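Q: After the sequence you'll find the predicted model.
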Amino acid sequence: MPIQTHFDKFDKKIYLTSHSAGYKKAKEKDDSIFEEIKTAFKDAGYPVIESFKQGSFAVNTAINSLDGDYDIDRAIVIDAENAPEDPVEPKRLIKDVLAKRNFKDPKIKKPCVTADYKATNLHIDYTVYKRKTSFIGGKTYYLAVGKNGSSDERKEWSESDQKGLLEWIDSVDEYLFGATVKRRQLKRLIRYIKRWRDVNFVSESVRKKVFSIGLTVMIKEQYSPSTLSSEVDDDLIALKNTIDGILNSNYIDAPRGTQDYRVYTKLPKIPYRDIFQHKVDGESIDGSDLNTGTQLRNKLMTLQSELQRAIDEPDEVKQCEILNKLFGDDFEVPKKEKKSSSKVAASAAIGIAPLSTAGASGTSQGA
């Protein structure tokens, strides 16, 4: 069978949707918590006027995590006219709600409130925005930035076009013919590369710094199907071409005087910050730390060469073996077809010479 059939099976295994059983339970928990948050915000004088999904679920690129965790990423929006001057104030209310709901050590981080549920594999990130509406109906969102103990100069309502970012990822305007087919392929490539990250970065501390949104932006920018055709290349070729684009671009660079690397990727929407920025002496510096950047570069180069090896390999089973090592056991290797000894004996009995088995390893029965 064609290699695309194996990619389709792989995608089906890793693709996490709102219909997945585990996610349904997580969603029910989130809905219940959100009702309590709305009550707390209303009692505080700034009622919730809008809420929307963020992250991978919002753009259909979520994958099943290897450790069985489920992530909820929700934006909570209040009206700018009612918003408190201190952006940390509503985040404290969210933390209090989560603490009462049996979440383990909820934390107020600079951009969000985050917590893990004690009784199940559920991780929650809630961000707070205030929304200003112009007299012609335009809406501008400002993210609540700051945490407990932050000085006044480190707390702010910072303009952030999160909805614009999600719309940019989902946009098909540049794909012309076959735009919907190409968008589906793009989302598959993003899911593949996220699972590749989870399988290949053994150190959790480094893996967490290879941010999904950073990988998503790079793939979106470098995915380049033919605009004049409604057809798309198979996912193996499309992924290889996209990784080529990433490595040939300027995302990864070695600072002067070093042989190590940083990865740089700008958000394509306000606030246009570097996604991989890290802190040095308390200050945010563009680009990842050297360890993260160097590991990402080296692993992407290995991915590039192994994808090319899979493209060049004529044997289907061996192709899948290469891809299994890259993406883990959810990319299944088909069983090699073996010629039945009884069939060989029967052929010999009627004087038929057995067929050569030189190419037998290139056939399969599926996995």
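A: Yep, it's here.
Q: Can you list the strands that the longest strand belonging to the chain pairs with?
A: Taking DSSP state E as the criterion, the chain has its longest strand at strand 122-133. In the sheet, strand 122-133 lines up against strand 70-79 (parallel), strand 113-117 (antiparallel), strand 139-145 (antiparallel) (DSSP bridges).
Q: and it, average pLDDT?
A: Strand 122-133 shows a mean pLDDT of 95.
Q: circling back: could you point out which of the strands paired with strand 122-133 sits nearest Glu306?
A: Of all the strands paired with strand 122-133, strand 70-79 sits nearest to Glu306, with 28.4 Å by CB to CB. Bear in mind the C-beta positions are built from the backbone N, C-alpha and C, glycine included.
Q: send the alpha carbons of the helix or strand following the closest one over as PDB?
A: Heading C-terminal from strand 70-79, the first helix or strand you meet, by DSSP states H and E, is helix 89-100. Taking C-alpha atoms only, helix 89-100 is exported to PDB below (Å, rounded to 0.1, in the frame of the first residue of the first chain):
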ATOM      1  CA  GLU A  89      -6.600  40.900  40.300                       C
ATOM      2  CA  PRO A  90      -8.900  38.800  38.100                       C
ATOM      3  CA  LYS A  91      -6.100  36.100  37.800                       C
ATOM      4  CA  ARG A  92      -6.200  35.800  41.600                       C
ATOM      5  CA  LEU A  93      -9.900  35.100  41.500                       C
ATOM      6  CA  ILE A  94      -9.200  32.300  39.000                       C
ATOM      7  CA  LYS A  95      -6.500  30.900  41.200                       C
ATOM      8  CA  ASP A  96      -8.900  30.800  44.200                       C
ATOM      9  CA  VAL A  97     -11.600  29.000  42.200                       C
ATOM     10  CA  LEU A  98      -9.000  26.400  41.000                       C
ATOM     11  CA  ALA A  99      -7.700  25.900  44.500                       C
ATOM     12  CA  LYS A 100     -11.200  25.100  45.800                       C
END
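Q: returning to what we had before: how about the strands paired with strand 122-133, which one is nearest Lys335?
A: Using CB to CB, those put strand 70-79 closest to Lys335, at 32.6 Å.
Q: Sort out which residues of that closest one are buried, please.
A: Residues Tyr70, Asp71, Ile72, Asp73, Arg74, Ala75, Ile76, Val77, Ile78 are the ones in strand 70-79 that count as buried (16 or more other CB atoms under 10 Å).
Q: Stretch 58-72 too?
A: For stretch 58-72, by 16+ other CB under 10 Å, it's Ala58, Val59, Asn60, Thr61, Ala62, Ile63, Asn64, Ser65, Tyr70, Asp71, Ile72.
Q: Out of the residues you listed, which sit inside helices?
A: Among the buried residues of stretch 58-72, the members found in helices (DSSP state H) are Ala58.
Q: mind putting the buried residues of stretch 58-72 in TSV, pLDDT included?
A: What follows is the buried residues of stretch 58-72, written out as TSV (pLDDT from 0 to 100):
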residue	pLDDT
Ala58	93
Val59	95
Asn60	94
Thr61	96
Ala62	94
Ile63	95
Asn64	92
Ser65	90
Tyr70	87
Asp71	89
Ile72	90
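Q: Output the buried residues of stretch 58-72 in a markdown table; the columns should cover distance to Pro111.
A: A markdown table is the format used below for the buried residues of stretch 58-72 (distance: CB to CB, whole Å):
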| residue | distance to Pro111 |
| --- | --- |
| Ala58 | 16 |
| Val59 | 18 |
| Asn60 | 23 |
| Thr61 | 20 |
| Ala62 | 20 |
| Ile63 | 22 |
| Asn64 | 25 |
| Ser65 | 21 |
| Tyr70 | 20 |
| Asp71 | 15 |
| Ile72 | 15 |
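Q: that older thread, closest one of the buried residues of strand 70-79 to Glu50?
A: Val77 (3.9 Å).
Q: which residues does the closest residue to the closest one other than its chain neighbours contact?
A: Nearest residue to Val77 in three dimensions, chain neighbours excluded: Glu50, at 3.9 Å (CB to CB, 6 or more residues apart in numbering). Residues in contact with Glu50 (CB atoms under 8 Å, 6 or more residues apart in numbering) are Ala75, Val77, Arg131.
Q: Return the backbone torsion pair for Glu50.
A: As for Glu50, its main-chain torsions (degrees, to the nearest 10) stand at phi -170, psi 150.
Q: And for Cys112?
A: The phi and psi torsions at Cys112 (degrees, to the nearest 10) take the values phi -160, psi 180.
Q: Was I right to think it contacts Tyr129?
A: No: in this structure Cys112 lies outside contact range of Tyr129 using CB atoms under 8 Å: 10.8 Å.
Q: Of these two, which one has the most company?
A: The neighbour comparison of Cys112 against Tyr129 (other CB atoms under 10 Å) goes to Tyr129, with 26 against 22.
Q: quick one: the more buried one from Gly214, how far?
A: To Gly214, Tyr129 is 22 Å away according to CB to CB, to the nearest Å.
Q: now do Asp170
A: Going from Asp170 to Gly214 by CB to CB gives 17 Å.
Q: Those two: which has the busier surroundings?
A: Each of Asp170 and Gly214 has its neighbours counted (other CB under 10 Å); Gly214 has more, 21 against 15.
Q: That one belongs to a strand, doesn't it?
A: No: per DSSP: H, G, I helix; E, B strand; the rest coil, Gly214 lies outside any strand segment and is helix.
Q: Report the backbone C-alpha coordinates of the host helix or strand of Lys27 in CSV.
A: Per DSSP H and E, Lys27 falls inside helix 21-44. Taking Å, rounded to 0.1, in the frame of the first residue of the first chain, the C-alpha atoms of helix 21-44 are listed here in CSV:
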residue,chain,number,x,y,z
ALA,A,21,-13.5,10.1,25.4
GLY,A,22,-10.8,11.5,27.7
TYR,A,23,-11.2,15.0,26.4
LYS,A,24,-15.0,14.9,26.9
LYS,A,25,-14.4,14.5,30.6
ALA,A,26,-11.8,17.3,30.7
LYS,A,27,-14.2,19.5,28.8
GLU,A,28,-17.0,18.8,31.3
LYS,A,29,-14.7,19.8,34.2
ASP,A,30,-13.6,23.0,32.4
ASP,A,31,-17.3,24.0,31.7
SER,A,32,-18.1,23.5,35.4
ILE,A,33,-15.1,25.5,36.5
PHE,A,34,-15.8,28.3,34.0
GLU,A,35,-19.3,28.8,35.5
GLU,A,36,-17.7,29.4,38.9
ILE,A,37,-15.2,31.8,37.4
LYS,A,38,-18.1,33.7,35.7
THR,A,39,-19.8,34.0,39.0
ALA,A,40,-16.7,35.2,40.8
PHE,A,41,-16.0,37.8,38.1
LYS,A,42,-19.5,39.1,38.1
ASP,A,43,-19.4,39.5,41.9
ALA,A,44,-16.2,41.4,41.6
